[in-house]
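Enquirer: starting from these lines, generate the structure:
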Amino acid sequence: MPTPPLLNIVFVCYNCGEEICRALQDIADGDLPIEDIEFVVVDNASRDDSCALLRALSSPQIKLIESEKNLGFAAGCNLGANAISNSAPILFLNPDVRLQHDSLVNLLEFAAENPGCGIWGGVTCNVNGALDGKSAWREPGLLSLLCWSLGVDKLLSIGLRRTSGGYSQRSIQRNGDVDAVSGCFLLIDQELFRQLSGFDEDFFLYSEEIDLCRRARMLGARPRVTDRAVIMHAGSQTLTGINKLNFLYRSKLRYFAKHGSEFQAEIAGWLIALGTWLRLVAFSVLARADDKYKVQRDLWRQFANSQQEWAP
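Expert: Sure, this is the predicted structure:
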């Protein structure tokens with residue numbers, strides 16, 4: 001009788017088959033035996049050769065699910081989780097993450113040491129190896145959105161290496177308790193995930209992990225992160241420019257509309273508009289002196305125009 005796996009890993013792919021292959025190689029080179037892991041890869045109707053690459057990897061240990069349309073990250077994760085037939089915890093892992101040899105072992109050990117938390121994560125660093133302050137997120141509020149609007153986040157990132165919505169390295173090292181674990185490297189007890197009915201699929205991309213962790217906290221979970229499990233997260237190369245801004249800030253508005261009052265959602269919309277126009281003005285002035293700022297100016301102008309279609 002085969003030994004039950006210690007871990008399930010779910011990937012959601014959209015034009016990133018090569019990145020998943022690299023991630024699988026990192027796992028194979030790591031300290032956790034790959035035989036102790038089961039994988040589910042959900043392809044969200046990739047337009048490149050990702051499916052061909054993933055089909056070549058398909059095995060009893062790696063389940064490939066090919067969606068006929070792009071379901072988004074939340075729905076893709078749910079589809080992958082529904083294909084799991086064991087009771088081991090689920091790690092939702094972004095394809096663009098690079099793992100150290102002990103990332104998975106240390107994360108599982110941390111979870112075993114803190115079993116009542118329900119959700120666990122590690123810390124993320126950039127391509128230069130510096131912690132990037134994006135390992136976990138605070139509960140979104142109008143004050144943090146105001147900080148982004150006025151550019152205060154830039155000062156926080158320089159001084160504390162975090163944004164107004166994130167945590168500093170010192171804060172994480174102190175106790176590890178957070179409001180939400182980053183969705184790029186999120187380990188969750190499978191029974192808890194089922195209780196929550198998974199991610200809210202109204203979030204196509206971004207904020208879905210914050211919503212999941214909020215609902216989990218309402219059930220008594222205590223999301224925690226450890227600096228013993230370190231990953232590199234360069235950021236997706238398949239989502240850039242105007243699409244990224246639209247998904248990111250539409251999801252923020254959706255979060256305020258779901259968990260706040262109608263008034264808060266309206267104020268959130270105004271703060272996003274304020275931050276957009278301040279950046280548009282700033283880059284318009286800079287573009288007069290240097291052409292390299294024209295790309296940013298045009299991006300924020302396009303983003304300002306797109307917000308006319310939004311509704312909380």
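
Enquirer: distance of the residue nearest to residue 241 when sequence neighbours are not counted relative to residue 269?
Expert: Spatial nearest neighbour of residue 241, excluding adjacent residues (C-beta to C-beta, 6 or more residues apart in numbering): residue 299 at 6.0 Å. Yep, even glycine has a C-beta here, placed from its N, CA and C like the rest. Using C-beta to C-beta, to the nearest Å, residue 299 is found at 19 Å from residue 269.

Enquirer: from what I can see residue 225 touches residue 121, true?
Expert: Yes. With contact defined as C-beta atoms under 8 Å, residue 225 reaches residue 121; the gap is 4.3 Å.

Enquirer: neighbour-wise, which of the two wins?
Expert: The neighbour count for residue 225 versus residue 121, taken as other C-beta atoms under 10 Å, is higher for residue 121 (32 against 29).

Enquirer: all helices for this protein, in order.
Expert: 17-28, 50-57, 73-82, 103-113, 142-150, 152-159, 169-174, 190-195, 208-218, 241-259, 262-289, 294-306 (DSSP state H).

Enquirer: from the chain's centroid, how far away is the first one?
Expert: The gap between the average C-alpha position of helix 17-28 and the chain average comes to 18 Å, counting by C-alpha atoms, centre = their mean, to the nearest Å.

Enquirer: that helix to helix 103-113, inter-axis angle?
Expert: Here the directions of helix 17-28 and helix 103-113 differ by 60 degrees (axes from the mean of the first three to the mean of the last three C-alpha atoms, to 10 degrees).

Enquirer: hmm, back to that, who touches the residue nearest to residue 241 in this structure?
Expert: Residue 299 makes contact with 241-242, 245, according to C-beta atoms under 8 Å, 6 or more residues apart in numbering.

Enquirer: can you do 10 Å?
Expert: Going by C-beta atoms under 10 Å, 6 or more residues apart in numbering, residue 299 touches 240-242, 244-245, 279-280, 283.

Enquirer: and the residues you listed, which is closest to residue 94?
Expert: Distances from residue 94 to the contacts of residue 299, taken as C-beta to C-beta, are shortest for residue 244 (14.2 Å).

Enquirer: need the pLDDT of the closest one.
Expert: For residue 244, the pLDDT comes out at 90.

Enquirer: count the neighbours of it for me.
Expert: The number of residues packed near residue 244 is 17, by other C-beta under 10 Å.

Enquirer: isn't it right next to residue 306, touching?
Expert: No. With contact defined as C-beta atoms under 10 Å, residue 244 does not count as touching residue 306 (11.9 Å).

Enquirer: residue closest to the middle of this protein?
Expert: Using C-alpha atoms, centre = their mean, the residue of the chain that lies closest to the mean C-alpha position is residue 183, 3.2 Å off.

Enquirer: who's in contact with that residue?
Expert: So residue 183 contacts 73-74, 77, 92-94, 121, 137, 199, 203, 205-210, 212-213 (C-beta under 10 Å, 6+ apart).

Enquirer: now which of those residues would you call buried?
Expert: 73-74, 77, 92-94, 121, 137, 199, 203, 205-210, 212-213 (16 or more other C-beta atoms under 10 Å).

Enquirer: stretch 172-182: which residues count as buried?
Expert: For stretch 172-182, burial by neighbour count (16+ other C-beta under 10 Å) applies to 172, 176, 178-182.

Enquirer: nearest to residue 56 among these?
Expert: The shortest approach to residue 56 among the buried residues of stretch 172-182 belongs to residue 182, at 29.8 Å (C-beta to C-beta).

Enquirer: can I assume the closest one is in contact with residue 166?
Expert: Yes. In this structure, residue 182 is within contact of residue 166 by C-beta under 10 Å, at 9.0 Å.

Enquirer: intersection of neighbour lists for these two?
Expert: Contact criterion C-beta under 10 Å, 6+ apart; residues bridging residue 182 and residue 166 by contacting each: 134-137.
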